[in-house]
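Visitor: Any chance you can model this:
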Amino acid sequence: MRVVSLVPSLTEAVAVTAPGLLVGATDWCTHPAGLDVARIGGTKNPDVAAILALRPDLVVANEEENREPDLAALRAAGAEVLVTEVRTLDQSFQELDRLLVTACGLTRPRWLDEAEAAWAALPSPRAPRRAVVPVWRRPWMVLGRDTFAGDLLARLGVENVYADHAERYPRIPLDALNAAGADLVVLPDEPYRFTTDDGPEAFPALPAALVDGRYLTWYGPSLVRAPAVLRAALR
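Guide: The predicted structure is shown next:
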């Protein structure tokens, strides 16, 4: 079987589980390290012709990360496209099983069972801390409703201030973020790369938790270590 992945998380999931299946991935697919496959552009601007030239049996996509016109062009050319939807942790486990076991015909990987066990073993959170969770600046954008990262944070005892916002990634002025009644600000290093010198200074009254964006936003083998890594960062 020949698989092309347009989603970094799913690239890692396929490559770790069955390295020989993957023949193409995006320029943003950085894991596993040393991945040696054809590169076919970005998640938002894949090279459709280059993908088709790889003669894939399956193209793996995600409804949030990839654009429907690109997926429609692939389908029109005869490619089979599997589109995942991942907005909660439980949904990520279901979609990973659907991709690896149902679509690719693989044995369910041990790491997927380990990831489920790691999250199931989390202690019940204490009284939640309220947080704003920026994902971009210039303009400021934050996690809103119905997001995978927001679900992970909730399981770790962090309540997203904007979890009930009408938009999934609303643009909120900085002064409104600082006045939102949060207990802390959570700053991941992707998609925007927040650092100790770029981000915390905008929230002078709030403690800042700098977190590894891969553990907060990727759904794949990183989910095994994500509970421990994120808990340590949030402390």
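
Visitor: Quick one: residues in contact with stretch 123-133.
Guide: In this structure, residues lying in contact with stretch 123-133 by Cβ atoms under 8 Å, 6 or more residues apart in numbering are 142-143, 149-150, 153-162, 172, 177, 180-186, 188, 203, 206, 209. (C-beta placed from N, C-alpha, C; glycine too.)

Visitor: Give me the buried subset of those.
Guide: Neighbour-count burial (16 or more other Cβ atoms under 10 Å) applied to the contacts of stretch 123-133 gives 142-143, 149-150, 153-162, 172, 177, 180, 182, 184-186, 188, 203, 206, 209.

Visitor: And stretch 94-114, what's buried?
Guide: 95-97, 99-100, 103-104, 106, 109, 111-112.

Visitor: Throw these into JSON lines and include pLDDT, secondary structure and distance to V23, thanks.
Guide: Listed next are those as JSON lines, based on pLDDT from 0 to 100; DSSP: H, G, I helix; E, B strand; the rest coil; distance: Cβ to Cβ, whole Å:
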{"residue": "E95", "pLDDT": "98", "secondary structure": "helix", "distance to V23": "21"}
{"residue": "L96", "pLDDT": "98", "secondary structure": "helix", "distance to V23": "20"}
{"residue": "D97", "pLDDT": "98", "secondary structure": "helix", "distance to V23": "22"}
{"residue": "L99", "pLDDT": "98", "secondary structure": "helix", "distance to V23": "16"}
{"residue": "L100", "pLDDT": "98", "secondary structure": "helix", "distance to V23": "16"}
{"residue": "A103", "pLDDT": "97", "secondary structure": "helix", "distance to V23": "15"}
{"residue": "C104", "pLDDT": "96", "secondary structure": "coil", "distance to V23": "13"}
{"residue": "L106", "pLDDT": "96", "secondary structure": "coil", "distance to V23": "16"}
{"residue": "P109", "pLDDT": "97", "secondary structure": "coil", "distance to V23": "19"}
{"residue": "W111", "pLDDT": "98", "secondary structure": "helix", "distance to V23": "22"}
{"residue": "L112", "pLDDT": "98", "secondary structure": "helix", "distance to V23": "22"}
